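In: I'll drop the sequence and a predicted model, then ask my questions.
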Amino acid sequence: MKLPRTPDMRLDGRRALVAGGSSGIGLACAAALARAGAEVTVAGRRDALVHEARDALQAEGHAAQALPLDITDLEATAAAVAEGGPFDVLVNAAGTARHSFATETQAQDFDAVMSVNLRAAYFLAQAVAKGLVAARRPGSLITISSQMGQVGGPKRSVYCASKHAVEGFTKAMAIDLGPMGIRVNTICPTFILTPLTAPFFDEPETRRWIGQNIPLGRAGEVGDVAGAAVYLASDASALVTGSALSVDGGWTAG
Ligand SMILES: NC(=O)C1=CN([C@@H]2O[C@H](COP(=O)(O)OP(=O)(O)OC[C@H]3O[C@@H](n4cnc5c(N)ncnc54)[C@H](OP(=O)(O)O)[C@@H]3O)[C@@H](O)[C@H]2O)C=CC1
Ligand SMILES: O=C(CO)[C@@H](O)[C@H](O)[C@@H](O)C(=O)O
């Protein structure tokens, strides 16, 4: 019997941009994409951290670049992507969170979260897509939403709004860009211990909340998201676009 051809998850010859690739989920995605064969550009605001991430990738023998960049600066981002691209793969793991009870949210906190999680995320995906369209290349754009892009969470109305919106533009961009062979998907992780969430993991009520809501019985690890990113970047997901991939141990199944 002749077995059918099946795609693999190698990314040799592909160029990947990982925004927020200097910490937490993004750093794990950068490592996983590089280990799958991609040349990785790590972007983030802190110059020292992006260079440390680049050096660590190179020390493992991977091709890697550092790109100090604030993605909320839309002009600088468009220019950097035009100059360094085209990128076959985008993982945008740059994001932030602020907590406030719904009646106490301040406009400046709303704007700070939306500016990174939504506005910058949208225009970064647009910039990478423009480079691919101009080069007539297919590609895979991956946004990072959250389980909070699908459900609500206490004191998280702004964060949840930003992530629900990320899922919205991910789906709509997938429709616009599909005919050009550009796939757009989002990953929706549960709680994962990173520099962003370390203060929340210290709160006993948050730890209880996490423990009660994850059927698989553990919080996430950055590698759980990195595995999903390699899948969505690779030909193993060739017919997958506009999807929201839950990496939440079953939280949103409940
Ligand atoms: N940890 C979790 O439990 C979960 C996280 N997420 C989402 O995953 C993403 C990554 O989170 P996580 O890894 O935990 O967070 P971290 O704080 O560990 O990493 C965030 C990264 O984004 C970069 N970044 C932040 N703002 C900007 C900016 N304006 N321009 C460029 N880079 C920026 C940071 O570098 P620098 O500060 O130097 O710019 C850093 O590299 C976020 O979108 C978050 O909402 C989703 C679900 C669960
Ligand atoms: O998205 C998350 C969990 O699914 C986390 O990033 C948290 O929402 C965290 O940022 C928080 O607000 O506690």
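Out: Structure's in. What do you need? Ligands and ions are numbered 1, 2, ... in the order given.
In: Please make it C-alpha for all contacts and neighbour counts, starting now.
Out: Noted.
In: Which elements pack onto the one helix or strand residue 28 maps to?
Out: Residue 28 is part of helix 24-35, with elements assigned from DSSP states H and E. Contacts defined by 3 or more C-alpha pairs under 8 Å, 6 or more residues apart in numbering; DSSP states H and E place helix 24-35 against strand 15-19, strand 39-44, helix 47-59, strand 89-92, helix 222-233.
In: One more pass at 10 Å, please.
Out: strand 15-19, strand 39-44, helix 47-59, strand 64-68, strand 89-92, helix 222-233 (3 or more C-alpha pairs under 10 Å, 6 or more residues apart in numbering; DSSP states H and E).
In: Mean neighbour count and mean pLDDT added to the ones you listed, as CSV?
Out: Formatted as CSV, the helices and strands packed on helix 24-35 follow (neighbours: other C-alpha atoms under 10 Å; pLDDT from 0 to 100):
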stretch, mean neighbour count, mean pLDDT
strand 15-19, 28, 99
strand 39-44, 27, 98
helix 47-59, 18, 98
strand 64-68, 21, 98
strand 89-92, 29, 99
helix 222-233, 23, 98
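In: which one of those lies closest to ligand 2?
Out: For ligand 2, the closest of the helices and strands packed on helix 24-35 is helix 222-233, at 11.7 Å, according to C-alpha to the nearest ligand atom.
In: now the angle from the closest one to helix 24-35?
Out: Helix 222-233 runs at 50 degrees relative to helix 24-35, counting by axes from the mean of the first three to the mean of the last three C-alpha atoms, to 10 degrees.
In: from now on call the first residue 583
Out: Got it, the first residue is 583 from now on, which makes the last one we talked about helix 804-815.
In: now the end-to-end length of stretch 709-723.
Out: Taking C-alpha to C-alpha, to the nearest Å, stretch 709-723 runs 11 Å from one end to the other.
In: and if you look at stretch 727-735?
Out: So stretch 727-735: terminal residues 14 Å apart, C-alpha to C-alpha.
In: Quick check: mean pLDDT of the lengthiest helix in the chain?
Out: In the chain, taking DSSP state H as the definition, the longest helix is helix 739-759. Helix 739-759 shows a mean pLDDT of 98.
In: anything in it near ligand 2?
Out: No. Between helix 739-759 and ligand 2, judged by C-alpha under 6 Å from any ligand atom, nothing touches; the nearest distance is 6.7 Å.
In: Now do the next helix or strand after that helix against helix 804-815: the angle between them, please.
Out: Per DSSP H and E, the first helix or strand lying C-terminal to helix 739-759 is strand 764-771. Orientation check (the same axes, to 10 degrees): strand 764-771 against helix 804-815 gives 160 degrees.
In: now strand 764-771, how far from the centre of its chain.
Out: 8 Å (C-alpha atoms, centre = their mean, to the nearest Å).
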